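Undergrad: The following comprises the amino acid sequence and a computationally predicted model.
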Amino acid sequence: MEYRGWDGIRSVTKDDGNFLGQRESGTTLPNGISGAATGATLRWKLPINGLMVGASDLYVFNKTGVIVNTPTTGANQTTTNGTESVLPFSQVFLFATYEHKRLWLAGETWKSAAKQVVALTGKPTTEAYNEDFAWYAMATYKVTEKLTAGAYYTEEHNQAATLGSARYLKDWVVSTRFDFNQFLYAKAEEHFIKGTLTDFDALLNPSGLKPTTNLTLLKMGVSF
């Protein structure tokens, strides 16, 4: 059995990709957003060789940041200041891994519910509520000492959203990785995505988002 605990400050900078949609609509967070967070995890290495199961819980206290809003459309381009807050919420995770010779399997599920509150001076307060449930399963196999093949499936749902493709994300992936040496590797992935729950860039999709997406990723990486 292994256990760990942690406590600290969870900060998201103003340029983080999570705020891309807000920036494109005219809202910025000059100082980002931050708040205290604490949590713990428990892992159990079972008597079955190579099998580990675990659980963890992350509790995020109130996160608040200053926002500046300048509408990008319409006749009124007046700049307004205010605050953006994410009310306290908890994320619960369950996970497992299994390793045997050249095979490696892993899976995880998590659930959380969070409310975002935006208050602009002179305007009504707005709220957005997310109730997220997600899971993934993955497998890799070392074909040779340097070549690894893999596949994984990810699914996420915002159970508080209205029905439609913006409510979910389902992603099938096949991948390969080649390690040139212990430091340098190359990786290729092909994604088959259904749903638009993930934060696609609205400006790069002026005709709107389609319910399905195919995505090819090529990556070179260095680890040391």
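TA: That came through fine.

Undergrad: Quick check: buried residues in the helix or strand where residue 115 lies?
TA: Taking DSSP states H and E as the criterion, residue 115 maps to strand 103-120. When burial is assessed from 16 or more other Cβ atoms under 10 Å, strand 103-120 yields the following buried residues: 104, 105, 106, 107, 108, 110, 111, 112, 114, 117, 118, 120. In short, each C-beta sits where N, CA and C put it, glycine included.

Undergrad: could you pull out the helices for this structure?
TA: Secondary structure of the chain by DSSP state H: the helices cover 20-24.

Undergrad: can you pull the alpha-carbon coordinates of the helix or strand of it with the lowest mean pLDDT into PDB?
TA: Ranking every helix and strand in the chain by mean pLDDT, DSSP states H and E puts helix 20-24 at the bottom, with a mean of 84. Taking only C-alpha atoms (Å, rounded to 0.1, in the frame of the first residue of the first chain), the coordinates of helix 20-24 have been written out as PDB:
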ATOM      1  CA  LEU A  20      -8.900  30.800 -25.300                       C
ATOM      2  CA  GLY A  21     -12.600  31.000 -25.900                       C
ATOM      3  CA  GLN A  22     -13.000  33.800 -23.400                       C
ATOM      4  CA  ARG A  23     -10.100  35.800 -25.000                       C
ATOM      5  CA  GLU A  24     -11.600  35.400 -28.400                       C
END
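
Undergrad: Could you check how far residue 182 is from residue 130?
TA: 41 Å (Cβ to Cβ, to the nearest Å).

Undergrad: Between those two, point out the one with more neighbours.
TA: Ranked by neighbour count (other Cβ atoms under 10 Å), residue 182 and residue 130 place residue 130 first, with 16 against 8.

Undergrad: So for that one, what's the pLDDT?
TA: As summarised for this prediction, residue 130 has a pLDDT of 89.

Undergrad: which residues touch it?
TA: Listed by Cβ atoms under 8 Å, 6 or more residues apart in numbering, the contact set of residue 130 reads 112, 113, 114, 115, 116, 158, 160, 161.

Undergrad: picking that back up, now do the strand holding residue 115: which elements does it pack against?
TA: Counting contacts by 3 or more Cβ pairs under 8 Å, 6 or more residues apart in numbering; DSSP states H and E, strand 103-120 packs against strand 63-69, strand 80-86, strand 89-100, strand 126-142.

Undergrad: Do I have it right that residue 58 meets residue 8?
TA: No: if you go by Cβ atoms under 8 Å, residue 58 and residue 8 don't touch, sitting 11.3 Å apart.
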